[in-house]
Each structure stands twice: as structure tokens, then as C-alpha cells.
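S.K.: Sequence first, then the predicted structure:
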Amino acid sequence: MYASHASRLVRRGLVAALVVMPLLSSGVGQTARATSPTAVPTETIQPAASPAHLSPITYSHRWMPRGAGTAKSSATAAAAPTPVNTIMYNGGPVQVVPKVVLGFWGSAWNTDFNAYGVDSNQYMNYITNLLSNFGGGGYIGAMSAYCQNPNPPSDGSYPCSGAGAQFITNPTNQLKKVIIINDANPPTAPTDQQFQSVADQMRQNVYGANGNDPDTNYMIFTLPDHPTMVPDQTSCGAHFSYDDPSSGTAVEYTEMPFGPQDSSCNANVLNHTNDSFGHGILDGVSVVMFHEQAETITDPTGTGWTSPDNDNPEVGDACEEPTMASNRQNVPFGPYYGAVQPLYSDFLGGVCVYDQGGEGVTTLHVGDTANASKWSIQSNLQLGNPIFSDRTYTYKSIPSSLLGGSWIQPAAASKSSTVNPLVTFRVGQSTTVEVAVDTRLGRRSWMDSSWVDTSSQIIDSESTPTHFEVFKKSFSAGPVQLGPNAGSGS
């Protein structure tokens, strides 16, 4: 089973905070939540004398046709909707360590102006404060269930199984820089290629003429009355990718027109009353901004995580409803909060979620597909709890440090599985994962020296009790993978 501290899990042969093989458990250590983000550098740069000659755009994904949003009368949102599509892995990259460089296009951003009921400083602060604090939180943390894997299993099983999988991480301080492009006369209806040229300037400013980090999204906001030239100007936001010959990498960027000028782009979609921070009138800005960021992270070049249906929807599209007001919630971003839509979680079996963070164990995935439905996350580990879902014997003795936590109850039938990883789950903060291993088996082959023998044991209620040695290891917030028991009899 897995447990968190407390969360523990136990499975026969193993205990991972707490897992007794074939159980796994994870104990959440009493560690602080993510620290406050560091100050974000801001710089004003001059526009290029002439647009750069860049490679053709290799991928574009436009979102949110206008005309669907209506304001709600309160800040109470409905439950997350059922996904309209299933998201699948297409074999390409994701952004493993996501980063954002924020750009405000036009010299007017250096002045204080008011447009469509919004002060420019209010607008910039709303965007910057939320982006400064979204790293390490639960909302974008939902993306840590996704991975890139150059050699996914050929049998069609979970594509993030195996040693080659790299999961998306959720570090703090993902906003790297704020850049104002000091263009006195930006185009009133910029084309995709003109956005691409601005993204290239931002890339060179941050990484140098021949540098780039493909995990970076260059998010570009335009001035009021400067809509993007997406088809018929019918999108509230869009993300793109092109191959950059100077750095030899893909460059990802997002086009963000001035949201408040179009109420159908979700203004006041959740918070009916406007306040000084921007809640209400800027609801649509955060909804679209984080929708595009989540999709850039999971599908930066169009070969990541998408659905094969209906024009390849991504993790935001799959949870988008035709009536946009019905699936919005306020979620926290550090000391702030903003309106967002739910995101598709493949790891939870295909559901729409607003927040996949917090303490404890979430997003359980079991590689032993024949018995996966018998595994579950439990709470409040106590003496007398059944150790396995498919056996009657219970916990007779548990180390006091594991009592009261959440835990993963495994299936004893998984004891002979050789699938690696056997279990993958997510922890919402820095966590000590503890695994209980049958003392007749000892340390498993996948448990290297970073797994510490605690010299404590779990004992079950069988007539001839089985003893399980408890091993532990510290993990940062994000996915945790545990190997198989692969024992022949216990």
C-alpha cells in the first residue's frame, strides 16, 4: 500500500510508504509547500528593424471560437464536465521542465492606459502575478501525469511505462522573464508570421542568437484592438511551433489578443463582480492563458498528447463545453487566484480536473492491467484494515509514523507481475515514500541505495504472521514509479 504522512501503502512483499508487496505506500513528509517565487526580471527591447526570415510554422492549434461564453451570477462553478474526447500519446515530445517567457508587444505597454474598462497596469499585473505562481501548484500539476517516451510499449499498454519515459515536471518559478517589445507601431492585425518574428526576438534575448530551450513557451500579448489574424479572427488564443535553424530546436509560442475587448472570450464568465485585481473582467484572460499553456506543455509540436477525433483536441479542448460558463472555477496560484477551466487527466482514467495537487497520493496507475481495478487509494491507515483488496488478513502491527495516513491498497494477485513500473502515482509535495517488502524476499532489484532500510516492520494477521521490512525514499512533488514484487510465492 501507499500512505502519506501521512500517506502509506502496503502490498505483499513490499511496503512503500506503505506498500506491502505487491502493495506500495507513500508517506508524505512534513515538508513545507513550494516557496514563494523569485522576482521575475523585466526588460524592454527594441523591435527588429525588419522581420526575421524564419522557417515555416510546423504546428498551430487555435482554441476557443468566440461567441459561446456568458457571465455567471456568482463565483460558484459547476462540477468538472465529462471529457468529450480521449487523449492519446502520439510519440512526440512534451515540455519536461516547463518555462514561460512573457511578452507584451507594443511600446504603449510602458505607459498607463485604460481600454475596455481595464487599466493596462492591472492587466499586466494580473497576468504576471498568476504566471509567477502557477509552477508547483495543483492546477498545472495535473500535467505531471503525462510523459514523453521514445520507446513506448509496443503492446499498446500505458505509454509512460518503462525506463525511457520522462514525465512532465512542475517546478516553481516557471516564469523566466517579462519582455516589453518597444514597438511604437505594432501591426493592427498581426499575422502568425509576425508573431513568429517577435517570438524569435524574445528567444534571442533570453538564450542568445543560437540558443533556445524547447521547454520554453514564448507567450505574446497584444494591445487592445490588435486582434490576431487567425482564421476570421475567431479564436481567443492559439499556440504554435516552428523549427528554428539557428538553435536546431523547435520554438513554441502563444498568441494572446487583448481579451477584455471581446466578452465572448470569457470576460466575467465566473466572477460576476469586478475587483481591483482583475477578477471578473479578466476571467477570460486566465482561462485562455492557462488553457494554452497546458496544451503547449503536453503537445508542443503536435505530436504529443492529443485526441484522434475532431481535429485533434488537446488536454484543454477535451474538457471544454459549448457553454463555457458552466465549467469554470477559481483556483489558487500562490497568494492569488484566477478563473480556469478543467484539464483532461489521462492518469485518472480520463476525467476533467481543476486541481491535481495537494498533499497525499493521487493519480494511481497500475501496470498489471488484469488486476489494476483491484488497487485503490485509501485514507486513515489503521490496525485492522485489510492489507489487500482480494485477501482477508489485516494489519496487526504498523509503525506509529504510518498510522492515520492515506494509503494504497493493492491486489495480492499482482504479486507475480513483472511489469516495470508496476505502480505509478503522483504526490502533491515533497514526500517520503515507504515500501514494505516481505522479509523472506528482501530488497527488490529496482530499489537502489537511495532506498533506506528503516529497520521497522509491518506484521499481518495470518495464523503464521508475515513480516514486512519498511524501506523509504524521498521524492519531489510529481510522479512516483515503483517496480514489481516479482516474487514467486509471497
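M.R.: Noted; the coordinates are in hand. Numbers count the residues shown, from 1 in each chain.
S.K.: For the stretch 1-150 of the chain, which segments count as strands?
M.R.: Defined through DSSP state E, counting those that start in this stretch, the strands belonging to the stretch 1-150 of the chain, from first to last, are 2-4, 7-11, 14-16, 25-27, 42-45, 57-65, 88-89, 99-105, 114-115, 118-119, 147-148.
S.K.: Could you check how far residue 153 is from residue 241?
M.R.: Here the criterion is C-beta to C-beta, to the nearest Å. By it, residue 153 lies 27 Å from residue 241. Every residue, glycine included, has its C-beta placed from N, CA and C.
S.K.: ok, the two, which is more surrounded?
M.R.: It is residue 241, of residue 153 and residue 241, that has more neighbours when counted by other C-beta atoms under 10 Å, with 24 against 15.
S.K.: what pairs with the more buried one across the strands?
M.R.: Partner residues in beta bridges with residue 241, using DSSP bridges, are residue 59, residue 252.
S.K.: wait, it sits on residue 218?
M.R.: No - Residue 241 sits out of contact with residue 218 when judged by C-beta atoms under 8 Å, with a separation of 10.8 Å.
S.K.: Give me the common contacts of the two.
M.R.: Common contacts of residue 241 and residue 218, defined by C-beta atoms under 8 Å, 6 or more residues apart in numbering, comprise 251-253.
S.K.: and residue 261, how many neighbours?
M.R.: Applying other C-beta under 10 Å, we find 17 residues neighbouring residue 261.
S.K.: is it true that it touches residue 116?
M.R.: Yes - between residue 261 and residue 116 a contact is recorded at 4.9 Å, counting by C-beta under 8 Å.
S.K.: Buried residues, stretch 240-250. List them.
M.R.: Applying a neighbour-count criterion of 16 or more other C-beta atoms under 10 Å, the buried positions in stretch 240-250 are 240-244, 246-247, 249-250.
S.K.: and residue 204, how far is that from residue 214?
M.R.: Where residue 214 is concerned, residue 204 sits at a distance of 15 Å (C-beta to C-beta).
S.K.: Of the buried residues of stretch 240-250, which pair is most distant in space?
M.R.: Using C-beta to C-beta, the pair of the buried residues of stretch 240-250 lying farthest apart is 240 and 246, separated by 17.4 Å.
S.K.: circling back to that earlier point, can you pull the residues that touch both of residue 261 and residue 116?
M.R.: Overlap between the neighbourhoods of residue 261 and residue 116 consists of residue 224, taking contacts as C-beta under 8 Å, 6+ apart.
S.K.: Turn the shared contacts of residue 241 and residue 218 into a markdown table, columns for pLDDT and distance to residue 331.
M.R.: Listed next are the shared contacts of residue 241 and residue 218 as a markdown table, based on pLDDT from 0 to 100; distance: C-beta to C-beta, whole Å:
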| residue | pLDDT | distance to residue 331 |
| --- | --- | --- |
| 251 | 95 | 29 |
| 252 | 95 | 24 |
| 253 | 95 | 25 |
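S.K.: can you tell me which of these lies nearest to residue 105?
M.R.: Distance to residue 105 across those (C-beta to C-beta) is lowest for residue 253, with 11.3 Å.
S.K.: Neighbours of that closest one, how many?
M.R.: Residues lying near residue 253 (other C-beta under 10 Å) number 27.
S.K.: so what's it up against?
M.R.: Taking C-beta under 8 Å, 6+ apart as the contact definition, residue 253 lies against 195-196, 198-199, 202, 217-220, 239-241.
S.K.: any idea how far it is from residue 203?
M.R.: Plainly put, residue 253 is 9 Å away from residue 203 if you go by C-beta to C-beta.
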